[in-house]
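Undergrad: my questions concern the predicted model and sequence given below.
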Amino acid sequence: MSLAVVHTRAKLGINAPLVSVEVHLSNGLPSMHMVGLPETAVKESKDRVRSAIINSHFDFPARRITVNLAPADLPKEGSRFDIAIAIAIAILAASGQVPADQLEDFEFIGELALSGEVRGVDAVLPAALRCAERGKTLLIGHSNAAEASLVDNLTILPAKHLLEISAHLHQRQLLTEWSRSNAAAPPSGTSADSDIQATQLNEVIGQHHAKRALEIAASGGHNLLFYGPPGTGETMLASRLPGILPPLTNQQALEVVFRRRQRSAAIRLVAPLSRTAPHRLSRRTSRRGKLDAARRNLPRPRRRFVSR
């Protein structure tokens, strides 16, 4: 069969729209054309995929190859489409080197090295959530498996090399399904809520009107603004709000984790997910004080007077 279709996921904020990688082999001069609004990083995957296929001891088809990333109106960025393109496997399936009937139940996300090694990519969590909703199996790089395992009811197959993916699709050597027990345990005394102070509203003495306002805002989902001079308890009351909010749903908890990962990639992902509503203090006065102190400590340029 000269046509193969493989499914993957794009990155669009906290969403992960479905992308179908369609590969067609036709007669003509050997070339590889990519359409479907790919950006520079996606266009460069042509060279990575070709080298990965050859170094994995597969035959790269000496034919005219057309790769379409559908839908065509969705911008494609990053190297997350490498595995799907090589499937490369779509090329291998179109040339008969990988069984095409096995591809419909999988979604492939990952970057390929020139040697065929599968590397991890960013923003795997939204893709894993959408994949679980469709009931598909997610095949990703081994370094992304722990992050994707935060999603419930999802079958994850981590792979380290393109040859392992080919062997799994041929039913010669099946990949081991990832479980949360495979992930490294977090240090003792830490949890998913370790960055949120466990503060309760009943610790506040007085402030009856303000506490009543907090309860109304939490129960009705309203916005709330505390205004007053420093030292009257605005920050103290605001920090108690997560303690009276309802637990986060699975969708909300995953969104919180992904937004934190966007701010800092050093944040550890641990299971189970945090079910406490996030809270972040923003102290404008303290930031202004630190900025003024830094300006005072700046070295001043020396002035030299030259007499003529």
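TA: Thanks, I have it. Residues are numbered from 1 along each chain as shown.
Undergrad: ok, how many other residues are close to residue 156?
TA: Residue 156 has 25 neighbours, counted by other C-beta atoms under 10 Å. In this view, the C-beta of every residue, glycine as well, is placed from N, C-alpha and C.
Undergrad: let's see the helix or strand harbouring it as CSV, backbone CA atoms only.
TA: Per DSSP states H and E: residue 156 is located in strand 155-159. C-alpha atoms of strand 155-159 as CSV (Å, rounded to 0.1, in the frame of the first residue of the first chain):
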residue,chain,number,x,y,z
THR,A,155,-2.2,2.7,28.3
ILE,A,156,1.4,4.0,27.9
LEU,A,157,4.1,2.2,25.9
PRO,A,158,7.5,3.9,26.3
ALA,A,159,10.1,3.2,23.7
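Undergrad: wait, residue 117 touches residue 164, no?
TA: No. Using C-beta atoms under 8 Å, residue 117 is not in contact with residue 164; the gap is 10.1 Å.
Undergrad: tell me the contacts of the most centrally placed residue in the chain?
TA: In the chain, the C-alpha nearest the mean C-alpha coordinate belongs to residue 123, at 1.4 Å (C-alpha atoms, centre = their mean). Taking C-beta atoms under 8 Å, 6 or more residues apart in numbering, we find residue 123 in contact with 11, 16, 80, 258.
Undergrad: compare these and tell me which has the most neighbours.
TA: The residue in the contacts of residue 123 with the most neighbours, by other C-beta under 10 Å, is residue 80 (30 neighbours).
Undergrad: leaving out sequence neighbours, find the closest residue to that residue.
TA: Spatially, and ignoring its direct neighbours in sequence, residue 80 is nearest to residue 121 (4.4 Å; C-beta to C-beta, 6 or more residues apart in numbering).
Undergrad: what ranges do the helices span in the stretch 201-308 of the chain?
TA: Using DSSP state H, counting those that start in this stretch, the helices of the stretch 201-308 of the chain run over residues 208-220, 234-239, 250-263, 284-296.
Undergrad: ok, back up a step: buried ones in the next helix or strand after the strand holding residue 156?
TA: Helices and strands here follow DSSP H and E; after strand 155-159, the next one along the chain is helix 162-169. Within helix 162-169, the residues scored as buried using 16 or more other C-beta atoms under 10 Å are 162-166, 168-169.
Undergrad: lowest mean pLDDT across the helices of the stretch 201-308 of the chain, which one is that?
TA: With a mean of 54, helix 284-296 has the lowest mean pLDDT of those.
Undergrad: span of stretch 111-122 from start to end?
TA: 10 Å (C-alpha to C-alpha, to the nearest Å).
Undergrad: Throw the contacts of residue 123 into JSON lines and include secondary structure and distance to residue 249, thanks.
TA: Output for the contacts of residue 123, formatted as JSON lines (DSSP: H, G, I helix; E, B strand; the rest coil; distance: C-beta to C-beta, whole Å):
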{"residue": "11", "secondary structure": "coil", "distance to residue 249": "23"}
{"residue": "16", "secondary structure": "coil", "distance to residue 249": "18"}
{"residue": "80", "secondary structure": "coil", "distance to residue 249": "27"}
{"residue": "258", "secondary structure": "helix", "distance to residue 249": "14"}
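Undergrad: may I ask which of the residues you listed comes out lowest in pLDDT?
TA: pLDDT across the contacts of residue 123 is at its lowest for residue 258, which sits at 74.
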